[in-house]
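1. structure for this input, please:
(chains A and B)
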Amino acid sequence: MSDPPTQLSLPPTLPYPIAITRLLVAPGNSVKRGSPLLEYSFMSKEQREAISKRQKEGRRADISKGEIEGDDGSGTWDCLVDGEVAGWEGWIKVGVRIERRQSSQPLLNVHQPCSHPVQLHGMCGVCGADLTEDDYLSVPAQASSSNQAGPSRGFEVTHDSMGVTVSKDEAHRLDNLTRDALLSSRKLSLIVDLDQTIIHTTVDPTVAEWMDEIDQERNPNTDALKDVARFQIADDLPPGYVKPKIKPGQEKMIQMQGRWYFTKPRPGLQKFLDEMSELYEMHVYTMGTRSYADAICNVIDPDGKIFAGRILSRDESGSFSSKNLKRLFPTDTSMVVVIDDRSDVWADCPNLVKVVPYDFFLGIGDINSSFLPKNKSTPSPSSTATSPTAASSPASSSDLSTPPPATSEDVPSIEDGLLLKAKLLDDLSESRPLAKMQEKLEHDIQPDGERDKVDVFPIGAKSETDEVDGAPTGQTAPDVEVEQNEGASESTLSPTIPSTPPRAKKPLLNPIDYELLRVTDILTEIHHRFYRAFDSLESWDPSTSLPMSCDVEFIIPELKSKVLEGCNLVFSGLIPQAVNPETTEIWQNAETFGALCSLSVHPRITHCVTATLNTEKTYKSSRIPDVKIVWANWFWDSIALWNRQDENKYLAQKEKQRSDPTTPVLVAEVLENTNRNGSNGESSLVQNVDNIDQKEKKDSADDGLDGPREEEGEYEDMDDDAQVGKGWDEGADAEWDAFMAEDDDDEGYGTDSGSVRSINTAPSTPSKKRVRYADEESLPLEDFKDPSPTDPDDQPAKRRKPLLLEAATENDQIPAENRFQYKDKGKDKGQGTGKTDDSHVPVVTRGEEEEKDVDEQSVAETEGTEGAEQDEFAMMLMDSLANGEEAEGEEEE
Amino acid sequence: MFFLRELTHTILLHPSYFGAQLEDYLRQKLYEDVEGTCSGKHGYIISVITISDIGEGKIIPSTGQAKFKTTYTAIVMKPFKGEVVDGKVINVNKMGFLAMVGPLQVFVSSHLTHGDMKYDPNASPPCYRSNDEIIQKDTKVRMQIVGCRVEANDIFAIGTIKKDFLGQIRED
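-> A predicted model of the protein is given here:
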């Protein structure tokens, strides 16, 4: 056999230290598994104690009492393999003492007739020998990691489980082969996750119905659904499980042949795959079943050119709850990059490039995640940071999703998981979250009628600003119209639904997503760096492993650490007091991304990352010049996008520097209000900062314009039509001060008049007065917030509520078709969303404050269009009076 | 290798099947039960040739089911070490390739291919390539079985093509 001799070393379980007393085999001897190789002596615990005891007493061993010096035990070391002894290592001689730390060093070389490099179901793939014999020499499965030469279960290295495993040496050899092949084609390996990373899949039958409508152009989601693929897979049920009776309505979808799946490729996927397959050898590693993975790959890679069968699914992965690189690359992971939307399943894998989850079918999440522990990973970036309509914020998806029942803390057993998954899928196809959402969407629109067009601004929080303004300006109207034309019954999720992501202003399903472009850049950069380092290698022996400079496991962390390099962060309100800050995720993330973290504020810090304002740390930080006080989202966005975001977009206390102490309160209050407004609080919060600090926004929208950013800039420009931010200047400050100076009891009187004034102003002119509404518009949101005891700031907000009563007047540039519905609404909708529609806002939104605000309400209702209701009431009164008179008259008669 | 073997199979029949069609049903049940199965002892049962004795049904007292001990003759396939078989490749990977010989899976490790045969991962589909041979999915190969592992309900075999006249079978 041409194989190099196998090196044998002592097992770590021997009673070290041991002294070799006899060598039992010599070169040329043939050995069998189990035959003794050497004898050794060792010292038992009792002997050791006895010796130390005697040493204390200062006497020598008394042979007459059976006491001896030195070792008192002996043993043999038995051979693990069959073969012919090639020779002992040079340092092995009789009398040599071997310490525990030396145990891993090779002692003996044995020529094996077959080293059993490959196993098939426990049978050697080369010689056919049975390797599953279990005897006293068998190494426990886990402990076989040392360089024990005996047969072990070995590694699975193929994507599909055929029961073939390889030994460590063989795995190493194969990895080297792979590496050489990759190096010669100048590629790296890329492991791609499927669900929510490059595609999004649902089983909601609503999608089928919508897709059927594509040709007829009836569905608002037509554009988004065009490239959705569908396929059918039978449910993966544990054997013996009988499916509960199928409900009548479902039969169509779930039949013997399986369940329909609908898959939306992430925008730009084809380009991504094509480009990446030039630079990477592509693998799929998914938590879906084999049939699912195959079906998906059939969709995204019909020719099989990109993945070429390199698909690893849950069926072969060996674990239902985690992914492990060692499964595919047992010994060498230096050329492997992973992209996945979840970092928790990969543990602390340095090869991972986390992507923002793709959440196309709202509220479905990852249909294959029922085995995974609940996703506790970091918040994904706010939508402003990625793209105007990127992945929804985590809050929104978790709010919306029928949370998979299995996502409890403990990972369910496999069988439970399968059942749970089947149940989850049943629930999903039954509950049809998409249909419900779309229904809700349309329901929210219809009562409000076309008035809602005003709402059709791309970003949710802002539309309200505009609305209170009562002034869809001439510029916005056309945009609105365009959108309306795209889908016949154009739909917007009203911001009333707390969980609505910002993109709600679009058809329910939004196809826009730029994550893959960003990932492409990162992956290209990694590839570039790797091969730049590789090319600069002077002399590299291909038989050794690559140096550290050519190791993705170092390149990726290095790239990451550049992101926040030079930042010295202090966190405020983000780390619970009870835990050790260094162990928290945010802290570790920060350090991974190159930032320094500090426990307290000191002059060297550069950023104060805060969750709330007016903490001690933010105050202290504000005293230090050049310290930027930013919302936590700045941090999350930066690390999610691997790009230090412009702090100006996230400044938490911009106002403080330039005006009196009351102004920050205002800002904080606005932010807090919006923040509480359901899921997209984070993003709307950022937007609000933008509103107030409009110039900043301009800057940020302009700098660093790559593809997605451009889009964002446009969206924000559209919002600018609202003219909200522009007005906030010294004049507004002054007015605000004046307002704050007013007597508190004088509720809203002055502001009311203010609003009247502003409404009479032509909306297209940036008015200083209007600025106030930028703040006030957020007030209706208070209805959705939890009353928070720790929020003293919302008092003024309540007082200013009456401002909401304003309806558009003749002077406002509302498109003609938007106007007529005020009366309708007032009548046929006494309750409802309560915020899209200002005519009934006073009635609905104010709820508990109604009594208090009766005065203002009446004030408001005397103005504008509210008269209709009063008239009605008056007529009823007159009617009843008239009837009464009639009755009286009759009685008299 | 294929054999004709006399085998027995026990069928339990629910009382609801007792009737004129009973014998037909028993035959059908026998075919369904045994054809295509694998036992470590006999190998793969390819096809039932004749049913020599359908057995007399004995009612099991507690359940009322009838127990028929059927004897039949079937073609069975059992691989042996050293046997040369023809198969069709179903999977190629860096460790070797897997071929189907009828119902039997035979794995040929890359160690047991000709020395000049190299794995080519970049080909689509991936293949083993030497100067005159290409082994990829759906290639027909001739292998010699090196070893078999027989489990209760399964048989695995290791093959080699590292000998003369083994390897790709050309169809011409």
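
2. and the strands in chain B?
-> B:2-13, B:38-39, B:43-53, B:58-59, B:66-77, B:84-93, B:96-101, B:104-109, B:118-120, B:127-129, B:134-135, B:140-151, B:154-160, B:167-168 (DSSP state E).

3. hmm, who's touching the last one?
-> Put plainly, it is strand B:167-168. Strand B:167-168 is contacted by residues B:113-114, B:133-135, B:139-142, B:161 when judged by CB atoms under 8 Å, 6 or more residues apart in numbering or on different chains. Backbone N, C-alpha and C define where each C-beta goes, glycine included.

4. report the buried members of those residues.
-> Neighbour-count burial (16 or more other CB atoms under 10 Å in any protein chain shown) applied to the contacts of strand B:167-168 gives B:113-114, B:133, B:135, B:139, B:141-142, B:161.

5. now those as CSV including pLDDT and distance to chain A?
-> Below are these laid out as CSV (pLDDT from 0 to 100; distance: CB to the nearest CB, whole Å):
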residue, pLDDT, distance to chain A
B:Thr113, 90, 11
B:His114, 86, 14
B:Glu133, 89, 19
B:Ile135, 91, 15
B:Thr139, 92, 15
B:Val141, 94, 16
B:Arg142, 94, 18
B:Ile161, 92, 13
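
6. what is the nearest of those to A:Phe231?
-> Distances from A:Phe231 to the buried ones among the contacts of strand B:167-168, taken as CB to CB, are shortest for B:Thr139 (28.8 Å).

7. would you check which pair of the buried ones among the contacts of strand B:167-168 lies furthest apart?
-> Spatial extent of those (CB to CB) is set by the pair B:His114 and B:Thr139 at 14.2 Å.

8. for the strands of chain B, which one sits closest to A:Ser103?
-> A:Ser103 lies closest, by CB to CB, to one member of the strands of chain B: strand B:104-109, at 31.9 Å.

9. per-domain residue ranges of the chain.
-> Using chain A here. A:1-113, A:117-134+A:149-185, A:189-431 (automatic domain parsing).

10. nope, chain B
-> Split by automatic domain parsing, chain B gives B:2-77, B:84-168.

11. now the strands of chain B in TSV, with distance to A:Leu362?
-> Below are the strands of chain B laid out as TSV (distance: least, CB to CB, whole Å):
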stretch	distance to A:Leu362
strand B:2-13	53
strand B:38-39	48
strand B:43-53	51
strand B:58-59	61
strand B:66-77	54
strand B:84-93	39
strand B:96-101	43
strand B:104-109	45
strand B:118-120	44
strand B:127-129	44
strand B:134-135	48
strand B:140-151	49
strand B:154-160	46
strand B:167-168	53
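
12. lowest-confidence stretch among these?
-> With a mean of 86, strand B:118-120 has the lowest mean pLDDT of the strands of chain B.

13. list the buried ones in that one?
-> For strand B:118-120, by 16+ other CB under 10 Å, it's B:119-120.

14. and what of stretch B:23-35?
-> Of the residues in stretch B:23-35, those buried (16+ other CB under 10 Å) are B:26-27, B:29-30, B:34.

15. ok, these vs B:Ile155, which is closest?
-> In terms of CB to CB, no member of those lies closer to B:Ile155 than B:Val34, at 15.9 Å.

16. wait, the closest one touches B:Thr8, no?
-> No: using CB atoms under 8 Å, B:Val34 is not in contact with B:Thr8; the gap is 10.0 Å.

17. identify the contacts common to these two.
-> B:Tyr72.

18. now the helix or strand A:Ala86 falls within: average pLDDT?
-> Following DSSP states H and E, one finds A:Ala86 within strand A:83-88. Confidence over strand A:83-88 (mean pLDDT, whole number) is 84.

19. neighbouring strands - and their directions - for that strand?
-> Take DSSP bridges as the rule and strand A:83-88 pairs in its sheet with strand A:30-31 (antiparallel), strand A:106-111 (antiparallel).

20. quick one: closest of those to A:Val126.
-> Of all these, strand A:106-111 comes closest under CB to CB, at 15.0 Å.
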